[in-house]
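J.: the following comprises the amino acid sequence and a computationally predicted model.
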Amino acid sequence: MKPEYSPAQLENIRQRLNPSVKDVYYLVLADLRLFLQRYATAEPISVLDYGAGNSPYASLFPNAEYRRADYMDCTAIDYKVDGDSRLPVASNTFDLVWSTQVAEHVQNPSTYFSEALRVLKPGGRLVVTTHGVWEDHGVPYDFQRWTAEGLQRDLELAGFSVKGTFKITTSGRFYWFLLLQWLEHGGLKKTNLSYRLWRRFCWEFAKFARPIAHRFADWRWSDCQVIEGEALSQHRIYSVIAAEAIKPLATDQPAP
C-alpha cells in the first residue's frame, strides 16, 4: 500500500531527500543523504525500514519489496513494534534492514539490534544511523547517544559482523553548524522582552544569511561530510554516527 502523506510530512521527506541551503538543518541532512545514497539500488531486494516514520528514503529503493515497522501508528506501516522492540516478522526475511535516526529513541537498543539480526537473511545487511552529538529531541523518548566504538561494540554483541563505521558532519563543519544553530536561536534562552526582540532579529537575519553560511561550509569543509576508515581517529566530534553490518552466514536464529 502506497502511503498518503500530509503536506507537513511531504516537506519532512523533501528536506531529507533534497535538502536545500535554505533549510535549518541543511548541513547535517545533506551529509546524511550523501552517506545513505551509497546504498541506493534498483535491484528487487527486500527492505525493512525499522522505525520507519515517514520512510523518507524509500525512493532510494524503487524496485524493492519495502516494508515499514514502527512503534507508533505512522502512515501505512506494515508491522507494529512492541515496546521492547520485538518484531512480528519471521526470521531470515529481509536482505536489508534500514534504520535512520531511530536508535537513540529505542528503550532497549540490545533487543533492537538483536531483532534486526534475526529478521535479516544470512549475509543480509543492516545500515544504521543515529546521533553522535545532538540536542535533546523527541523527549521523553530520547535515551542515548553513541561513539563509533560504542556502536560497533553493541552491534557485535548482537551478533553482527561490522563492515565499517562512519562519522557524519564532523570537525569544523559541525562546529559551524553549532554556531549557526546558536545564532538562529538568539543565544541562551531568556524570557524578558529585550531577549525576545533579539531572538526575533536573529531569526529574521538567519533566513537571509543561512544560504550563504551553508554554501561557505560546503566550500570550506567538504572534507568533513562523511568520514570512514583510517581518517575516523582524526575527527573527534560529529553530529551523526553510522555503521554497516552484516549478518554472518553461519548465524542460526530461532523463529519467533
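T.: Noted; the coordinates are in hand. In this text, all values refer to a predicted model and were calculated from it rather than measured experimentally.

J.: do you know how far W221 is from G138?
T.: 28 Å (C-beta to C-beta, to the nearest Å). All C-beta atoms are positioned from the backbone trio N, CA, C, and that covers glycine.

J.: from A103, how far off is the residue lying closest to H235 once chain neighbours are set aside?
T.: Using C-beta to C-beta, 6 or more residues apart in numbering and skipping residues adjacent in sequence, the residue nearest H235 is T170, 3.9 Å away. Distance, T170 to A103, by C-beta to C-beta: 19 Å.

J.: all strands for this structure, in order.
T.: Using DSSP state E, the strands of the chain run over 46-50, 65-70, 79-80, 94-100, 120-131, 161-170, 226-228, 238-246.

J.: which of those has the lowest average pLDDT?
T.: Among the strands of the chain, strand 79-80 carries the lowest mean pLDDT, at a mean of 90.

J.: who's in contact with the residue nearest to E65 when sequence neighbours are not counted?
T.: Leaving aside its chain neighbours, E65 sits nearest to S46 (4.5 Å; criterion: C-beta to C-beta, 6+ apart). Taking C-beta atoms under 8 Å, 6 or more residues apart in numbering, we find S46 in contact with 64-65, 67, 93-96.

J.: try 7 Å this time
T.: By C-beta atoms under 7 Å, 6 or more residues apart in numbering, the contact set of S46 is 64-65, 93-95.

J.: do the same with V102
T.: 50-51.

J.: now do it against V127, distance only.
T.: For V102 relative to V127 (C-beta to C-beta), the value is 12 Å.

J.: restrict stretch 235-242 to CA atoms and write it as PDB.
T.: Extracted in PDB, the C-alpha atoms of stretch 235-242 (Å, rounded to 0.1, in the frame of the first residue of the first chain):
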ATOM      1  CA  HIS A 235      37.500  13.600  13.600                       C
ATOM      2  CA  ARG A 236      36.600  13.500  17.300                       C
ATOM      3  CA  ILE A 237      33.300  15.400  17.100                       C
ATOM      4  CA  TYR A 238      30.500  14.600  14.800                       C
ATOM      5  CA  SER A 239      26.700  15.000  14.600                       C
ATOM      6  CA  VAL A 240      25.800  11.600  13.200                       C
ATOM      7  CA  ILE A 241      27.400   8.100  13.700                       C
ATOM      8  CA  ALA A 242      26.600   5.300  11.300                       C
END
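
J.: determine how far that stretch lies from the middle of the whole chain.
T.: 12 Å (C-alpha atoms, centre = their mean, to the nearest Å).

J.: before we move on, what about stretch 138-154?
T.: Distance, centroid of stretch 138-154 to centroid of chain: 12 Å (C-alpha atoms, centre = their mean).

J.: buried ones in that stretch?
T.: 146, 148, 151-152, 154 (16 or more other C-beta atoms under 10 Å).

J.: ok so, going back, so which of the strands of the chain comes closest to K22?
T.: strand 161-170 (17.7 Å; C-beta to C-beta).

J.: residues contacting that closest one, please?
T.: Contacts of strand 161-170 (C-beta under 7 Å, 6+ apart): 27-28, 31-32, 35, 132, 148, 151-152, 155-156, 177, 224-228, 232, 235, 237-246, 248.

J.: perfect, that will be all.
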